[in-house]
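Dropping a prediction and its sequence here:
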Amino acid sequence: MFIPKLTTLAIVSTLATASIPAIGYAKTVVTWWNYSNEGSGLNAALTEDIQDAFNASQDEIELKIFFKGEDVNEPTRTALLAGAGPDIITSSGSTYVRAYYDGGFLKSLEPYSQKYGWKDKILPWAYNLGVFGNEFYSFPQNYESMIYFYNKTLFEENGWELPTNLNEYESLAQKAKEQNIFPFAYGSSGWQPTHEHLVGNYFNTYAGPDNVYKALIGEKKWTDKEFVDALELLKKHMLDGYWSGSLEKYYANDWDGFSAQITNREAAMMQIGTWGFEIMEGFADKKDDWGWSPLPVLSDFAGNPNYQLSIGGTMSINAASKHPDAAAKVLNWIISDKNRVLEFTAKRNYGEWLLPLKFETSDFSGSVDQRIRDYLVDFAAVTGAGDYGYTTWTFYPSQAGTHIWKDMESVWANDISVSEFLEEQQALWDKARAANELIPVGER
């Protein structure tokens, strides 16, 4: 899903003050600003399951969570520039962390990481995203990835197997089309950036994550052959009606539409982010069953199947905090008990709050859907082994990130070629690189 990006830490004049504990209060008060989502129940859940549970677990620190609206970044940035703000900082992603780090607003978590063993608990890629100048400064609050969902019953009835290469991928799509079944359910009505999901899928499964990484850090260009070929293949499949039957139907299809396609046997599969687990709840009143799978690799040089990385929030400690040790104790409590983490994330549908910890099968209770458990365990094992790719909405600078989805329609309409499109994309990367506006990637 799209994550707002910040390219520079703008200087603003409005000042904000930090929350001040009541005079004479015996406990050390640790403040934490978070974004607000009352409609989803996030505010109540964080208050009850994090704030109140932590406060009940000990008698030295009082955690106070303050909800700052849908965009927590703006009030946080304003307060930091005034030398104030919360003890614990929430941001919308790596762009903000880098800006805060560059401004000197973050306290190094390196001594706390060594004290509490955080490097052994957090997945390596997630840990590395928070390392600047060889010191640890932040960790993700939740993560997403792109996977396959499919109608398992439909596959069994037809003797279909999930594809593992390009030939099998195209052969399966043809078999589905011959039965008037869409190979994939999807659509962009109401959310045009859906296009970038498909671009990222083909970049990471055809060009491969190693090449994507090299392009991100400037060792390759987006105009190189593997990226051109990846988008040519995507264009071919799009125009062949792989998604919802045609390009026009894909444009017209919205969340409710493609959710119904996968649950009503109109489509065999769906390439979507892990937020698609919510859509699979639509199978509850159906006779059919569903399954999931990593995306298959579509070229001989793409490497092993991989999970693309996306983070939806970060946590850090304010350099101006008067109680950094107490804030670190709060962070350690949050990430140190995997059972507690899983209980809470289950309430948030395994998406809105999902810490990137080294989950194993034994960490899960029997009440957890086996398919969700298997995904979380496999994600930890596969990405922990270094087989991961990169989502465009997390790792692309602002203008390049907008271009990658907004101008894709011109490619599919044959108004510009794939090569011309990628030349425009490379120019935006060159501009962002010159302005020092790139997103932290982390060492691979």
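Received, thanks. Computed from a prediction, not measured in an experiment: that's the story for all the values here.

The spatially most central residue of the chain sits in which helix or strand?
Centroid-nearest residue in the chain: residue 310, 2.5 Å away (criterion: C-alpha atoms, centre = their mean). In this assignment (DSSP states H and E), residue 310 forms part of strand 307-311.

Show me what that strand is packed up against.
For strand 307-311, the packing partners by 3 or more C-beta pairs under 8 Å, 6 or more residues apart in numbering; DSSP states H and E come out as helix 124-129, strand 143-144, strand 146-151, helix 370-384, strand 388-390, helix 392-395. Every C-beta, even on glycine, is put in place using the N, C-alpha and C of the backbone.

How about residues contacting the following helix or strand past that strand?
Following strand 307-311 in sequence order, the next helix or strand is strand 314-317 (DSSP H and E). If you take C-beta atoms under 8 Å, 6 or more residues apart in numbering as the criterion, strand 314-317 is touched by 87-94, 96-97, 100, 106-107, 109, 130, 137-141, 324, 327-328, 331, 334.

Which ones among those residues lie within strands?
Among the contacts of strand 314-317, DSSP state E puts 88, 89, 90, 91, 139, 140 in strands.

Residue 75 is in contact with the fourth one, correct?
It refers to residue 91. No - taking C-beta atoms under 8 Å as the definition, residue 91 is not a contact partner of residue 75, at 11.6 Å.

thought residue 27 was touching residue 63?
No - judged on C-beta under 8 Å, residue 27 makes no contact with residue 63 at a distance of 9.6 Å.

Local confidence estimate at residue 26?
pLDDT recorded at residue 26 is 81.

Checking it next. Helix, strand or coil?
coil (DSSP: H, G, I helix; E, B strand; the rest coil).

so what's it up against?
By C-beta under 8 Å, 6+ apart, residue 26 has no neighbours at all.

I'd like to know how far residue 52 sits from residue 402.
For residue 52, the distance to residue 402 equals 40 Å [C-beta to C-beta, to the nearest Å].

Look at the two and report which has more neighbours.
Ranked by neighbour count (other C-beta atoms under 10 Å), residue 52 and residue 402 place residue 402 first, with 16 against 13.

Mind telling me what element that one is part of?
Using DSSP H and E, residue 402 sits within helix 398-406.

That helix: which residues count as buried?
Residues of helix 398-406 classed as buried: 398, 399, 400, 401, 402, 403, 404, 405 (neighbour count, 16 or more other C-beta atoms under 10 Å).

in a strand, that's where residue 167 is, yeah?
No - the assignment for residue 167 (three-state DSSP) gives helix, which keeps it out of a strand.

tell me the pLDDT at it?
The pLDDT attached to residue 167 in the predicted structure is 98.

what about it, neighbour count?
Close neighbours of residue 167, defined as other C-beta under 10 Å, add up to 10.

thinking again about what came up before, the residue nearest to the centre of the chain and residue 147 touch, don't they?
No - applying C-beta under 8 Å, one finds residue 310 not in contact with residue 147, separated by 11.8 Å.

Enumerate every residue touching residue 400.
So residue 400 contacts 425, 428, 429, 432 (C-beta under 8 Å, 6+ apart).

Could you report the distance from it to residue 39?
Counting by C-beta to C-beta, the separation of residue 400 from residue 39 is 32 Å.

ok, now residue 166?
42 Å.

Repeat that for residue 158.
40 Å.

With neighbour numbers in mind, choose between these two.
residue 158 (15 against 7).

can I assume that one is in contact with residue 175?
Yes - Residue 158 lies in contact with residue 175 (C-beta under 8 Å); the separation is 7.2 Å.

What count of nearby residues applies to residue 344?
19.

what does residue 433 give?
Quick note: residue 433 (other C-beta under 10 Å) scores 14 neighbours.

List the contacts of it.
Taking C-beta under 8 Å, 6+ apart as the test, what residue 433 contacts is residue 218.

and it, what element?
With DSSP H and E as the criterion, residue 433 is inside helix 418-434.

can you state the direction angle for that helix and helix 398-406?
160 degrees (axes from the mean of the first three to the mean of the last three C-alpha atoms, to 10 degrees).

in helix 418-434, what's buried?
Quick answer for helix 418-434 (16+ other C-beta under 10 Å): 418, 421, 422, 424, 425, 426, 428, 429, 432.

will you turn those into TSV that also has distance to residue 217 and pLDDT?
Listed next are the buried residues of helix 418-434 as TSV, based on distance: C-beta to C-beta, whole Å; pLDDT from 0 to 100:
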residue	distance to residue 217	pLDDT
418	23	98
421	21	98
422	17	98
424	20	98
425	16	98
426	14	98
428	16	98
429	11	98
432	13	96
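
which of the residues you listed lies closest to residue 218?
Using C-beta to C-beta, residue 429 is the member of the buried residues of helix 418-434 that lies nearest residue 218, at 7.9 Å.

With residue 395 as the reference, measure out to that closest one.
Distance of residue 429 to residue 395, computed by C-beta to C-beta: 11 Å.

what's the answer for residue 112, then?
From residue 112 to residue 395 the distance is 26 Å (C-beta to C-beta).

Settle it for me: which of these two has more neighbours?
The neighbour count for residue 112 versus residue 395, taken as other C-beta under 10 Å, is higher for residue 395 (28 against 20).

Next up, the contacts around that one.
Going by C-beta under 8 Å, 6+ apart, residue 395 touches 94, 216, 309, 439, 441.

switch the cut-off to 6 Å
216, 439 (C-beta atoms under 6 Å, 6 or more residues apart in numbering).
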